[in-house]
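Asker: Provide a 3D model corresponding to the input given below.
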Amino acid sequence: MKIFTKTALAIAACALFAGQAQAQNWPDKAVTLVVPFTAGTTSDVIARSFGDYLAAKIGKPVVIDNKGGAGGNIGGAAAAKAAPDGYTFLFSTTGPAATNKLMYKEMSFDPQKDLAPMGLIGKSPIIIAARPNLPAATMQEFIAAAKKPDANFSVGYPGNGTLGHVTGALLQVTIGAKFAETQHRGSASIINDLMGGHLDLGMDSMAAYVPQVEAGKLKALAVASAKRWPKLPNVPTVSESGIPGFEASVWYAVLAPKGVSDDITQKMNGYVNAYIAEEKTRTLFTELGIETGGGTPAELTAFIEAELKKWAPVIKAAGIQF
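Answerer: Numbers count the residues shown, from 1 in each chain. Sure thing, here's the model as predicted:
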């Protein structure tokens with residue numbers, strides 16, 4: 001028994017030493033950032049910016065691996081099931097990192113059990129954007145028109161279960177209206193249909209829409225943030241438009257497969273915080289309509305738990321389930 005105990009302790013010590021050595025030598029090869037959405041989406045744009053920064057700091061290539069589909073669950077599962085060795089990370093949005101588990105009956109991973117938070121990149125408020133010639137000039141006018149019995153407004157979302165979709169469901173329940181809903185593969189498709197007059201409204205993270213709104217190619221009715229966005233000072237919040245407390249923001253965060261070492265976690269968290277402190281990053285975020293994040297892994301864990309508590313009753317009331 002003593003021999004067995006000594007052997008077991010020796011094996012455990014070797015494993016611990018190997019893990020520590022691996023962490024100390026990290027990284028000694030390319031690092032992969034899994035983006036659970038298609039190329040060209042806002043999350044992809046930000047991930048590539050962060051990837052370029054990270055590559056310059058660690059002196060190793062950072063590969064962006066787009067794995068879109070199932071509301072981000074395909075990419076989320078790929079990252080969650082990867083080895084926790086610090087060479088695969090998930091550049092996630094709200095859905096794959098939190099709220100998808102509230103909507104999908106079957107998921108091959110649990111974000112809270114299978115993923116470890118590294119750091120919060122930023123938040124992008126949901127924007128309610130309209131085609132340029134929509135008769136309603138304001139959010140109040142749209143709400144009044146949408147509540148009429150013969151109303152038939154078409155609304156586009158960037159995919160099933162995305163926060164844009166959940167926000168649209170919440171708005172319908174709140175104002176007592178029903179939209180003709182369409183799901184799109186990302187923001188670009190929604191924007192094209194809005195500018196082409198094939199869609200009345202789009203509810204999506206604000207980032208991709210700011211340039212089009214500034215150029216007058218789209219009409220912004222409201223933003224679902226606590227206060228107005230400085231880049232769009234004339235666009236009111238949903239709260240200002242008659243629905244107090246109506247707030248929704250897509251957030252972006254870096255996570256790793258559960259089990260990654262504390263040393264690598266702290267290093268990656270440091271890179272996240274340093275990245276968002278860069279002047280270049282802040283300029284990009286201002287252009288896209290993104291509020292910078294930051295903080296510790298523990299703070300991100302608490303933030304995700306709060307988001308789940310916030311959206312669980314909303315999703316249940318709206319009956320969103322896949």
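Asker: from the middle of its chain, how far away would stretch 145-155 be?
Answerer: Between the mean C-alpha point of stretch 145-155 and the mean C-alpha point of its chain there is a distance of 29 Å (Cα atoms, centre = their mean, to the nearest Å).
Asker: what's the answer for stretch 315-322, then?
Answerer: Going by Cα atoms, centre = their mean, the spacing between the C-alpha centre of stretch 315-322 and its chain's C-alpha centre is 19 Å.
Asker: Just the C-alpha atoms of that stretch, please, in CSV.
Answerer: Taking only C-alpha atoms (Å, rounded to 0.1, in the frame of the first residue of the first chain), the coordinates of stretch 315-322 have been written out as CSV:
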residue,chain,number,x,y,z
ILE,A,315,-36.4,33.7,-23.2
LYS,A,316,-38.9,31.6,-21.3
ALA,A,317,-41.6,34.2,-21.6
ALA,A,318,-40.9,34.6,-25.3
GLY,A,319,-41.0,30.8,-25.8
ILE,A,320,-37.7,30.7,-27.8
GLN,A,321,-36.5,27.1,-28.0
PHE,A,322,-34.8,25.1,-30.6
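Asker: from what I can see A77 touches F109, true?
Answerer: Yes: checked against Cβ atoms under 8 Å, the pair A77 and F109 is within contact range at 4.8 Å. (Glycine included, C-beta is placed from N, CA and C.)
Asker: Burial check on S49, number of neighbours?
Answerer: 18 (other Cβ atoms under 10 Å).
Asker: and what of A137?
Answerer: By other Cβ under 10 Å, the residues close to A137 number 11.
Asker: Grab the nearest non-local neighbour of it.
Answerer: K219 (7.8 Å; Cβ to Cβ, 6 or more residues apart in numbering).
Asker: With V213 instead?
Answerer: What sits nearest to V213 in space, not counting adjacent residues and going by Cβ to Cβ, 6+ apart, is A220, at 4.6 Å.
Asker: Hmm, D52 is touching V62, no?
Answerer: Yes: at 7.4 Å, D52 counts as touching V62 under the criterion of Cβ under 8 Å.
Asker: Can you pick out the residue with more neighbours from these two?
Answerer: For D52 and V62, the more surrounded residue by other Cβ under 10 Å is V62, and the numbers stand at 21 against 14.
Asker: nearest residue to P132 other than its sequence neighbours?
Answerer: What sits nearest to P132 in space, not counting adjacent residues and going by Cβ to Cβ, 6+ apart, is K219, at 5.5 Å.
Asker: Determine whether the claim that G122 is in a helix is correct.
Answerer: No: under DSSP: H, G, I helix; E, B strand; the rest coil, G122 falls outside any helix and is assigned strand.
Asker: contacting residues for the residue nearest the centre of the chain?
Answerer: In the chain, the residue lying closest to the centroid (Cα atoms, centre = their mean) is T93, at 1.9 Å. With contact set as Cβ atoms under 8 Å, 6 or more residues apart in numbering, T93 has these partners: P36, F37, S43, G72, T162, L163, S205, V250, W251, Y252.
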